[in-house]
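Peer 1: Provide a 3D model corresponding to the input given below.
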Amino acid sequence: MENRSALVVGATGIVGGNLCERLLADGWRVYALARRPEAAPKGVVPLQADLNDRERVFEVIAQAPVSHVFQTTWTPAETEAEACEINARHLTNVLDAVRAARHPVRHVVLVTGVKHYLGPFKDFNKFLPDTPFREDTPRLPLENFYYPQEDVLFEAATRDGFTWSVHRPNTIVGYAMGSLMNNGVTLACYATICKETGRPFQFTGVPEQWNMLTEISDARLIARQLVWAATAPEAANTAFNTGNGDVFRWRSMWGKLAGHFGLDVPDYVSRQQSLQDLMVDAGPIWRDIAARHDLIEPDIGRLATWWHCDADFGRVVECISDMTRSRKAGFLDYQSSADTYLDLFRWLQTERIIPTY
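Peer 2: The predicted structure follows:
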């Protein structure tokens, strides 16, 4: 293993948690940095810090002699300008701390996303980029916190001599609780409420989403690509798209999700409905479901992010990423998107997060 040790920043998130599992399985020593690292996978070395606390970040990273750094977390803000400042500062704190500790860091991974091509949520549908998205697409002429993060990474790499990679997943689906954006868990909760109340399991997106091709990114596949890029010379100093490698239409995928819960698929109403509005009464309904089925989380607010599904399902632009660059560099992994969802649903049931039917 050439003495490989990883610092995973955001180790309790959907990407960070799956990355920790992958690294541990591959024999790495893993330092898990988070505000509540006790929620990270077992086997990591926990490091407790808030990225806003520069002094604390320096203190804990000094204890972690790491060879690779994985920045997998981000912080939302009221405005994109604030998000730019906050997230660039957080990455700066981490990389400055690594430099101050004189750790022999060889490679730094930064996880961003396809908003690199689409812009922030508030700007969705303002730009209609050609698909599939390609990594050499120029930056959009607007504020986007991914861009200053990249600039911080590039400057530090030039200064300190490590290689880097940037990874741009699409909608991320996978095993994680309390993740800010996990449409798989949200859809599982929506399907469960429909099953329990008799409501129709209606697709709530725009007609474009119902009919056109789209893709998702399995958190397990993302983790495998991150580890590959951190160790493969062919991946040095490169940005990579990170999709499952297959595409689908919601008009066919929706039936597969419904089938897992024994639900029928109602006729599509050919317009977007707000899932957030439809689920306005989900709180008390979920508490009752949790009590009757002995679920471990009675607070639906800790599971589902309705607004995020509304944002994803409201996109009128086809959202598919080109994977040629990573394929040519040697990363050939593929993931069935139907299995991504169904594997997640089975895991949620095993962990008593949603009922088993």
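Peer 1: CA atoms only: put the helix or strand residue 81 falls within into CSV for me.
Peer 2: Element membership for residue 81, per DSSP states H and E: helix 80-101. Taking Å, rounded to 0.1, in the frame of the first residue of the first chain, the C-alpha atoms of helix 80-101 are listed here in CSV:
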residue,chain,number,x,y,z
GLU,A,80,-23.9,32.2,-4.1
ALA,A,81,-21.4,34.9,-3.3
GLU,A,82,-21.4,33.7,0.4
ALA,A,83,-21.2,30.1,-0.8
CYS,A,84,-18.1,31.0,-2.9
GLU,A,85,-16.4,32.7,0.1
ILE,A,86,-17.3,30.0,2.7
ASN,A,87,-16.4,26.9,0.6
ALA,A,88,-13.2,28.4,-0.7
ARG,A,89,-12.2,29.4,2.8
HIS,A,90,-12.9,25.9,4.1
LEU,A,91,-10.7,24.2,1.5
THR,A,92,-8.0,26.8,2.1
ASN,A,93,-8.1,26.0,5.8
VAL,A,94,-7.6,22.3,5.1
LEU,A,95,-4.8,22.7,2.6
ASP,A,96,-3.0,25.3,4.7
ALA,A,97,-3.2,23.0,7.7
VAL,A,98,-1.7,20.1,5.7
ARG,A,99,1.1,22.3,4.5
ALA,A,100,1.8,23.7,8.0
ALA,A,101,2.0,20.1,9.3
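Peer 1: what helices or strands is it leaning on?
Peer 2: Judged by 3 or more CB pairs under 8 Å, 6 or more residues apart in numbering; DSSP states H and E, helix 80-101 is in contact with strand 5-9, helix 54-61, strand 68-71, helix 146-160. No exception for glycine: its C-beta is placed from N, CA and C like everyone else's.
Peer 1: Now that helix: average pLDDT?
Peer 2: Averaged over helix 80-101, pLDDT sits at 98.
Peer 1: Rounded mean pLDDT for the helix or strand that that helix is followed by, please.
Peer 2: With elements assigned by DSSP H and E, the helix or strand that comes after helix 80-101 is strand 107-111. The predicted model gives strand 107-111 an average pLDDT of 98.
Peer 1: contacts for the very next helix or strand once past strand 107-111?
Peer 2: Using DSSP H and E, the helix or strand that directly follows strand 107-111 along the chain is helix 115-118. With contact meaning CB atoms under 8 Å, 6 or more residues apart in numbering, helix 115-118 is reached by 121, 124, 127, 129, 133, 137, 139-140, 144, 146, 168, 315, 317, 319.
Peer 1: The same query, at a cut-off of 10 Å, please.
Peer 2: For helix 115-118, contacts defined as CB atoms under 10 Å, 6 or more residues apart in numbering pick out 121, 123-135, 137-140, 144-147, 150, 166, 168, 170, 239, 241, 315, 317, 319, 321.
Peer 1: do the same with stretch 345-357
Peer 2: By CB under 10 Å, 6+ apart, stretch 345-357 touches 174-175, 177, 184-185, 187-189, 191-193, 195-196, 257, 260-263, 286, 289-290, 292-297, 303.
Peer 1: hmm, try it at 7 Å
Peer 2: With contacts defined as CB atoms under 7 Å, 6 or more residues apart in numbering, stretch 345-357 is touched by 175, 185, 188-189, 192, 195, 260-262, 289, 293-297.
Peer 1: Now a PyMOL select for only the buried ones of those.
Peer 2: Per 16 or more other CB atoms under 10 Å, the buried members of these correspond to this PyMOL selection:
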select buried, resi 175+185+188+189+192+195+260+261+289+295+297
